[in-house]
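*Asks:* here is a sequence together with a model predicted from it:
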Amino acid sequence: MKSRTPAATGSPGAARILALVDSSVDALAANRPLPLLLALSLLATCIWCAWLLDAGFILGTSAFWRNPHGVVGNGWADMPQALSGYIFFQRDTWHIPLFQVAELGAPQGTNIIFTDSIPWLALAGRVLFQATGLPANLFGLWTVGCFAASAMTMTALAAALGQRNLAAAAMATTAGLCMPALLARWGHTSLMAQFEVPLALVFYIRNHRSSRPWRLFVLAGGLSALALWTHAYIFAMVLSIVLATLAQAVTTRSLRWEKAAGIAGGLIVILGGMIALSGYLHSRGALGTGAAGPFYTMNLLSPFFPQRSGLLPPFRDTLVDGTGGQYEGFSYLGGGIVLLLFATAQRQIQALRHGLTRHPWLFAVLAGCTVFALSNKIYFGTALILHVPLPLWVLNIASIFRSDGRFFWPVMYLLAGLGISAAIPVYRRGGVLLLIAAALLQWVDAAPLRQAFASHTRAPGAPHIDLAAWQAAIQRHDSVRVLPQHFCLKPLHWNSEVAVELQLLAATAGRPINSVYASRFQADCAAEQRIDPTPRAGDRQLTVVLDEFAGFEKMRAFAQTHGTCQSGPGIVVCSGIPQEAPMLATLAQTDRASVPNK
C-alpha cells in the first residue's frame, strides 16, 4: 500500500509526522505470514491473562477453587458441578463407559459428561494423576487456553477471509479476548471453548472446494472429535458446519459424492464409537426436558443492542431478556464489531447475497441456527412479536437442546470475522484506522464483563457452611448422604446450594456421595422421602438432612436426645461414628437464618 504523503508541506515537522503515520499504516496493512500473526495473538493473550488473572487461579491452587462461582446465571452451581465430576473421574479407574464414576451419585454413579466436566480435560487430569500421583486442577489452565485459542482462531478466521495483516489481527485478537458472549459465559467452563466454532468456520472456508478426501476426513474427524468431548452444544454446531463443508464440496463438484459419503460414513463410525465408549447415551434421565420446556432462547435485540456495556453507562447492567432465561442467548457482539458491521454495511449486504448463491449449505446451517436460537416464540426486548405453534413431537426433540439461544454463536463469530475482514477492502488506508478504533471500542465496551470475570476469579463464593470443618469431617467418614438429594430439592434455593457445596467437598475428600447436580438426571423423590436417616453405629456415614426432607422435624427432635445428631438452622447432621458427636455442632452452624426467603 503506497504512501500518499505530500512531497512538500509547510512544516518539516508536520511532514515527518505524516510520513510516520503513512509508514505505520502501510506496516499495519501489509500482508504477513499467518504463523507470525498467530504467534503475536498468542503473545497478546499471555500478557492479557498475566495482567488479569492470579497465578494461583491459573494453576488451580487458589482459594477460589474451594467454592468457585461464575458470572453467568447459575454459575454458583455449574462450576462446582464440573469440578467435582472432574475430581471424581481423576481418581477413578479405567472402565467402560469411559466417563462413568461410581462415587458421584452413589451407588448408581454418574457419567461426568452430564456434569459438564470436559471429557478431554478430565482425561488429561487422570493421566497426569496416574503418572505423578498428584491431583491437579487443570481448569485454570483450561480457561487461559480457551482465551488463547479464541484470540488465535479469530485471527485465523480473519486471515481465511482475506486479511493477513497486523491491523486485522489486532482487532481479531481483541474480539477473541473481549467477545461479550464469551466473557459473560464464565461459570460454564466447558462452554468457554467457543473457539471451536470459529475454528469450524475456518475449516469450511479452507475446505469447501477441497478435492482431497483423506485430508477432509482427517480434519473433519479431528474437529468433530474435539467438539464431541468438549460439550454437546458445541459439537452440534461444529458438526453442522463440517457437514455443510462436505455438502458444499460435492455441490461445487470438487469432491465426488461417493467420496463424500465415505467421509460421512467414516465420521459416523468414529463419532458413534466415541459416543458408545464414553456413555453419552447412558444418562440417569431423559435426554430432553419435554415440550413444556423451559427453553432458554435468544432475544432478537441481543446481537446489536448494548448490554453490560462499558461504552454506554446506562446500559452497564442491562440484559435484554423477555422471558427471564434469555441470558443463555446473550449474543451481544460488542461496540467495536457493531461499528465495523455498520461501517461496511453495503459490503455485508453483498456478502449475504454472495452467501445465498455460492454457499447455500453454510447459509442454510447459519439460518437454521438463527431460527433455532430465536425459537418459535420471538421476543423483541420484552415484547413477544411472533409465536408459531409447533407440534409436541417437535418441541420434545428441541428440548434436547433447551438452551437453544446458544446456537447463534456460529452466526455471531462469522459476523465478527466479516466485519473485521471488510474494513481495509472498503476503506483502504482508512480501514486501518477504523480497525484501530474498533479495537479500542471493543476493549472499552467489554470492560464491565472483563472486570466481573477477573473479580470472580480472585475469591471464592461465600459458602453457607464451614467448608474447612466439613472437609475435615468428610475425610473422617467413609461416605456422605444428603436427604433429599439435589434432584429432589427446589432449584435455586438454599438447600440446593448447600447440596452442591457438599458435592464438591466430597469430591475433594475422595468420599462417595449419593447426591449429584447433573443434567439429564432423574431420581425417585417419593422413595427418597421415605428413607430412614437415623444413624447406625459402625456405618461411618455422614448424613445431612435438609429442611425439605419429610422427616426433618422428627430428626430435629431426635437430635435433641441423641448425641449422634446435631441440629442447626435448616439442617440436621448425623454421624455413624460415636466419637464424632462433639464435632457435629460446628457442622450444624449455617447461615440459613440470614437467607429466610431461600
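*Replies:* Looks like it came in fine.

*Asks:* residue 84 versus the residue nearest the centre of the chain, what's the distance?
*Replies:* Against the mean C-alpha coordinate of the chain, by C-alpha atoms, centre = their mean, the closest residue is residue 191 at 1.6 Å. Using C-beta to C-beta, to the nearest Å, one gets 17 Å for the distance from residue 191 to residue 84. Every C-beta, even on glycine, is put in place using the N, C-alpha and C of the backbone.

*Asks:* tell me where the stretch 1-150 of the chain has strands.
*Replies:* Using DSSP state E, counting those that start in this stretch, the strands found in the stretch 1-150 of the chain span residues 100-101, 110-111.

*Asks:* could the ones you listed go into CSV alongside mean neighbour count and mean pLDDT?
*Replies:* Shown next, in CSV, are the strands of the stretch 1-150 of the chain (neighbours: other C-beta atoms under 10 Å; pLDDT from 0 to 100):
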stretch, mean neighbour count, mean pLDDT
strand 100-101, 24, 96
strand 110-111, 26, 96
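
*Asks:* domain ranges for this structure?
*Replies:* 143-457, 467-594 (automatic domain parsing).

*Asks:* out of those, flag the one nearest residue 101.
*Replies:* Evaluated with C-beta to C-beta, the domains of the chain place domain 467-594 nearest to residue 101, the distance being 9.5 Å.

*Asks:* hmm, back to that, right, and the residue nearest to the centre of the chain touches residue 185 too?
*Replies:* Yes: proximity of residue 191 to residue 185 meets the contact threshold set by C-beta atoms under 8 Å, at 5.2 Å.

*Asks:* how far does the helix or strand harbouring residue 415 sit from the chain's center?
*Replies:* Assigned by DSSP states H and E, residue 415 falls within helix 409-427. Going by C-alpha atoms, centre = their mean, to the nearest Å, the spacing between the C-alpha centre of helix 409-427 and its chain's C-alpha centre is 23 Å.

*Asks:* what is it packed up against?
*Replies:* Other elements packing on helix 409-427 under the criterion 3 or more C-beta pairs under 8 Å, 6 or more residues apart in numbering; DSSP states H and E are helix 139-160, helix 166-177, helix 196-207, helix 232-251, helix 335-343, helix 345-358, helix 360-374, helix 429-445.

*Asks:* quick check: buried residues in it?
*Replies:* Within helix 409-427, the residues that qualify as buried are 409-424, 426, counting by 16 or more other C-beta atoms under 10 Å.

*Asks:* for that helix, what is the average pLDDT?
*Replies:* Mean per-residue pLDDT for helix 409-427: 98.

*Asks:* now stretch 559-570
*Replies:* Mean per-residue pLDDT for stretch 559-570: 95.

*Asks:* report the buried residues of it.
*Replies:* By neighbour count with 16+ other C-beta under 10 Å, stretch 559-570 contains the buried residues 559, 564-570.

*Asks:* stretch 428-443 now?
*Replies:* For stretch 428-443, using 16+ other C-beta under 10 Å, the buried residues are 429, 431-432, 434-439, 441-443.

*Asks:* which stretches in the stretch 401-550 of the chain count as strands?
*Replies:* The residue ranges that make up the strands of the stretch 401-550 of the chain, judged by DSSP E, counting those that start in this stretch, are 479-483, 541-546.

*Asks:* now the first one, how far from the centre of its chain.
*Replies:* Distance of strand 479-483 from the chain centroid (C-alpha atoms, centre = their mean) equals 29 Å.
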